[in-house]
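Visitor: My questions are about this predicted structure, shown below with the sequence.
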Amino acid sequence: MLGEAEHVWERILSDAEKDELQSSYKGALTEPEYFPIPDLSIYKKYSFFTTKLAEIVRGCPHNCRFCGATMYSGRKYRYKKLENLVKEIENWDNSGKIAHFTNTNLIASPKKTREIMNRLRDFNLKWWSPCSVDILDHEDLIKSVAEAGCMVLQFGFDSLSKETLKSMNKQFNIRRDYRTLIKKCHDYGIEVSGSFIFGWDTDTKDVFKDTVEFSKDADIDFPVYFPLTPFPGTDIYNTYLSQGRILTNDWSKYNWNTCVYRPKNMSGEELLNGCYYAFEESYSTRSIFHRLFSRPRGFKEIMLLLFISASGKFVKRFSKPYWLGTKNALSSS
């Protein structure tokens, strides 16, 4: 299934029922008035971190070389109609779980984001959302987001290197200072999740230690580290394919836990070991306690930090047999 599913899903189900499934299906972009309001009642059977999920905006104009968002949801930001978003939130249960807005970018349109934040204040929600570093240009929005109940903003920092960001086609990150952004979020009581991707041709073996030290020094609350995964259809996949550096077309291995291409300045084993090292350092008991007491927090913020930190420890433990054992570092021969 390629692209957005709303226009095609009924056909897929019908074909499956008739045992006539096609090899692939391609969906058209869905207009905002037709964004679905999903029935989340099935989640009640499971112990997920949260069942309060909503999509505010789709699409992304940036087309970063490693990311499929532009490919499957277009270059134009499309916001769900505000009245439909409100209706969706009104259907949620009253549990204390944190809501998750599954956006490409919370502040795609600062004007629309302000309108949404004004409505969210009415619900007394606590929530988490991906966001662009561009929010640093709008301090009033950071304040508005905090007042609307945001507990965590999730940023794709991806690299500390200007050269690497350029090679990612992510030049817009270069213009913003990560430390200043993190400090501004903390000033308004917002925790920061920052993700980094290792393994670019501009990365050397020093990238792991340098990034971990920055995460600690800049006080990133929830750092996350990934080995580069060149997903099919992305520009970086096509580049590596033309260079003969893609090691497998078994898509089940494109899982953020496997090195599926041949890195330039390190082996696949070294890349995966470096990712494990970063998690091990960032989610050691010492590092967790350092973050816990790095600044004043309320009870909910402390519990959230401990929960996410425990999740980081789980990721580290789950990934260890894969990364350290080189089970998922595919042979380049």
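Guide: Arrived safely, thanks for sending.
Visitor: Ile308 - that's part of a helix, no?
Guide: Yes. Counting by DSSP: H, G, I helix; E, B strand; the rest coil, Ile308 is part of a helix.
Visitor: What count of nearby residues applies to it?
Guide: Counted by other Cβ atoms under 10 Å, the residues lying close to Ile308 total 21. C-betas here are computed from N, CA, C, even on glycine.
Visitor: So it versus Phe222, what's the distance?
Guide: As defined by Cβ to Cβ, to the nearest Å, Ile308 lies at a distance of 5 Å from Phe222.
Visitor: Now do the shared contacts for the two.
Guide: The overlap between the contact sets of Ile308 and Phe222 (Cβ atoms under 8 Å, 6 or more residues apart in numbering) consists of Ser193.
Visitor: In contact with Arg175, which residues are there?
Guide: Counted by Cβ under 8 Å, 6+ apart, Arg175 has zero contacts.
Visitor: Quick check: Gly156 is in a helix.
Guide: No. When classified by three-state DSSP, Gly156 is found to be strand rather than part of a helix.
Visitor: distance of it from Ser193?
Guide: 10 Å.
Visitor: same thing with Pro36?
Guide: Pro36 is 27 Å from Ser193, where distance means Cβ to Cβ.
Visitor: More neighbours: those two, which one.
Guide: The neighbour comparison of Pro36 against Ser193 (other Cβ under 10 Å) goes to Ser193, with 19 against 13.
Visitor: check contacts around the more buried one.
Guide: Counting by Cβ under 8 Å, 6+ apart, Ser193 makes contact with 128, 152-155, 220-224, 308.
Visitor: Who wins on neighbours among those?
Guide: If you rank the contacts of Ser193 by neighbour count (other Cβ under 10 Å), Leu153 sits at the top with 27 neighbours.
Visitor: Let me know the helix or strand that that one is in.
Guide: Using DSSP states H and E, Leu153 falls within strand 150-158.
Visitor: Residues contacting the next helix or strand after that strand, please?
Guide: Per DSSP H and E, strand 150-158 leads on to helix 162-167 as the next helix or strand towards the C-terminus. The contact list for helix 162-167, computed with Cβ under 8 Å, 6+ apart, reads 65, 158-159, 171, 173-174, 200-203.
Visitor: tell me which residues in helix 162-167 are buried?
Guide: Judged by neighbour count (16 or more other Cβ atoms under 10 Å), helix 162-167 contains these buried residues: 164-165, 167.
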